[in-house]
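S.K.: here is the input, now give the coordinates:
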Amino acid sequence: MDLKLNGEQILLQEALSRFLSDRYTFEKRRVRIARNGALDAEIWREFADSLGILGAALPEEVGGMAGGPVEVMVIMEALGQSLVVEPYLETAVLGGGLLKRCKERCASTLLAKIVAGEARIAFASAEPMTRYALNDVSTTARREGSGWILNGAKSVVDAAPSATHFIVTARTSGERRDRHGISLFVVEKQNPDIQAHEYRLIDDRFAADLNFSGIVLPADALIGSEGNALPLIEQVIDEATVAVCAEAVGGMRRMLGDTVEYTRQRTQFGQPLATFQVLQHRMVDMYMCLEEAISAVCLATLKLDAEPAQRAKAVSAAKVTIGRSARMIGQNAVQLHGGMGMTDELAVGHYFKRATVIENQFGTVDHHLARYAALCRTEAA
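M.R.: The predicted structure is shown next:
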């Protein structure tokens, strides 16, 4: 499948690619991740001001460019090619996706801060033992006076160390796995009562486990309709899933390109590795997997505005395709580089680690195969 970009999307792609190739080389990235999760304020400011990517898919009334899924796909693929660790996905896709569909004034205010580069969001939804079930929420929020009291724990909250605000899922009514009764709350990170255990993930990004014990929130901390947040969460998670699939495409492009270049330079028995037919066949297989992944991501991107069941089927199909392709391309890229493929000095190992995380992020291959099958059964019935 070939998705044609319009003129503005091509300009966005070219500007971001030029910026990253100049300012976000692999060596510069290694310096950044050595800061133990500290945000590069200059790069983030450039994302907001010079490039405008933080508001690319956000409404014009908050300073954004009113783009859509295609703009996000273009941005995420470019970020994936450079292994960018800054929290664009968490802030602009997850946080922005939730906030732009809420009508409260505080949501609009926070969106404007995202566009300006003043706010960074971490979406706190996963809990211990919940796997990928978005309706499995034990964290609770109860009314007290004019505000709320938040109690519970969240696990592996991506980008939490660099966030300024958390968007937290909490149950305001119903039982643990009920679809109804889930609400969204904005919580400022600077709240002194939040307990956070921060750590580095295998792909050099940072996350945290959060504990909310009797956190007092104001009345306007609630965003969206009380108890009816799950359909919105499912929609935004689908959008974020396609976004990380696009990021994976960028990473796979880089792994394939680096592997082809390496085999042209590395010699064995007096000949470049690229001249051996069996290795040529291997790299052709990698190329075919990449093309399949690109097509699946393009289709899922165009289906994000479809009705929920069709959207979910396309998203799950893309995630399965990406999971299989990323594993095949990553493993072969590392193998063809030899033992040095997993060293810190060589980029391919870092791309493989990120691809491994993406394979499990927002649902594994098995999870999305099961979801796709369930949707097909429902459709047939």
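
S.K.: got any ranges where the stretch 251-381 of the chain has weak pLDDT?
M.R.: Applying pLDDT under 70 to the stretch 251-381 of the chain flags no residue at all.

S.K.: surely residue 375 meets residue 313?
M.R.: Yes - using C-beta atoms under 8 Å, residue 375 is in contact with residue 313, at 5.0 Å. Heads up, the C-betas are built off the backbone N, CA and C, glycines and all.

S.K.: settle it for me: which of these two has more neighbours?
M.R.: Using other C-beta atoms under 10 Å, the more surrounded residue of residue 375 and residue 313 is residue 313, with 20 against 17.

S.K.: residue 219 - how many residues pack around it?
M.R.: Residues near residue 219, counting by other C-beta under 10 Å, number 10.

S.K.: for it, give me its contacts.
M.R.: Residue 219 makes contacts with 146-148, as judged by C-beta atoms under 8 Å, 6 or more residues apart in numbering.

S.K.: which of those lies closest to residue 100?
M.R.: Set against residue 100, the nearest of the contacts of residue 219 by C-beta to C-beta is residue 148 (22.6 Å).

S.K.: helix or strand: which one has the closest one?
M.R.: Under the criterion of DSSP states H and E, residue 148 resides in strand 147-158.

S.K.: please apply the same query to residue 279.
M.R.: Per DSSP H and E: helix 277-302 holds residue 279.

S.K.: elements contacting that helix?
M.R.: Helix 277-302 sits against helix 69-81, helix 230-265, helix 308-337, with contacts defined as 3 or more C-beta pairs under 8 Å, 6 or more residues apart in numbering; DSSP states H and E.

S.K.: deepest of these, which one?
M.R.: The highest mean neighbour count among these, using mean count of other C-beta atoms under 10 Å, belongs to helix 69-81: a mean of 24.

S.K.: list the helices and strands the next helix or strand after it packs on?
M.R.: Helices and strands here follow DSSP H and E; after helix 69-81, the next one along the chain is helix 88. Contacts defined by 3+ C-beta pairs under 8 Å, 6+ apart place helix 88 against helix 69-81.

S.K.: domain ranges for the protein?
M.R.: Here the domain assignment for the chain is 7-119, 122-228, 231-380, based on automatic domain parsing.

S.K.: between the two ends of the first one, how far is it?
M.R.: So the one you mean is domain 7-119. Terminal residues of domain 7-119 lie 30 Å apart, using C-alpha to C-alpha, to the nearest Å.

S.K.: what of the longest one?
M.R.: Counting by C-alpha to C-alpha, the length from the leading to the trailing residue of domain 231-380 is 22 Å.

S.K.: same thing with the shortest one?
M.R.: With C-alpha to C-alpha as the measure, the ends of domain 122-228 fall 20 Å from one another.

S.K.: can you check stretch 13-33 too?
M.R.: Separation of the first and last residues of stretch 13-33 by C-alpha to C-alpha is 25 Å.
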